[in-house]
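Q: Provided below are the primary sequence and the corresponding predicted coordinates.
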Amino acid sequence: PADGQVPNLPLYSRPEDAPCWAKNAQSFARMRDAIKARVIAEKALLDRYTGKLLDNYAAQHEVWVKRLKKLGAKRVKRSSGEAATPLGNETPRTEDSSAQNGSKRTRGAPSRGETSHRYP
């Protein structure tokens, strides 16, 4: 206060006595259903995206296992003493090989925008 007196604190004996308390409670009650629906929609999108990733991984894993079996059969047939790379005739990658050609193997972070853009 301007006259130098210390106000009598606290203003309210309980937080529920404040005038904004009831207004906030009504506002939160109105938003509850919208927030609940948004969380459910986000979870559904995430579950769908996770399912796609799992299916994609399973398909790629199956191709990789077939490729390894095929390479294993080729290695048995090949009787020479030279060591084969895991991918057949390709040269093994080193840490410097990606730095030599200047390529970056990173992706940007997913956008934090609209829900529909969060999961492909």
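A: Cool, the structure landed.

Q: from here on, contacts and neighbour counts on C-alpha atoms
A: Fine.

Q: how many neighbours does Leu68 have?
A: When neighbours are counted by other CA atoms under 10 Å, Leu68 registers 15.

Q: Same check on Cys20?
A: By other CA under 10 Å, 11 other residues sit near Cys20.

Q: One more: Asp47?
A: Around Asp47 there are 13 residues (other CA under 10 Å).

Q: Ala41 too?
A: Ala41, neighbours per other CA under 10 Å, totals 14.

Q: do Leu46 as well
A: 15.

Q: for the longest helix that the chain contains, packing partners?
A: Counting by DSSP state H, the longest helix found in the chain is helix 19-77. Here helix 19-77 touches no other helix or strand, going by 3 or more CA pairs under 8 Å, 6 or more residues apart in numbering; DSSP states H and E.

Q: Surely Tyr12 touches Pro19?
A: No. The criterion here is CA atoms under 8 Å, and Tyr12 misses it with Pro19 at 9.8 Å.

Q: which sections of the chain are below the confidence cut-off?
A: Scanning the chain with the threshold set as pLDDT under 70 gives 1-3, 6-8, 77-120.

Q: do that again at 90, thanks
A: 1-13, 15, 19, 70-120 (pLDDT under 90).

Q: tally of neighbours for the spatially closest residue to Glu16 that is not a sequence neighbour?
A: Setting aside the residues directly before and after it, Glu16 is nearest to Ala22 in space (CA to CA, 6 or more residues apart in numbering), at 7.5 Å. When counting by other CA under 10 Å, one arrives at 12 neighbours for Ala22.

Q: any idea how far Ala22 lies from Gly51?
A: Distance of Ala22 to Gly51, given as CA to CA, to the nearest Å: 43 Å.
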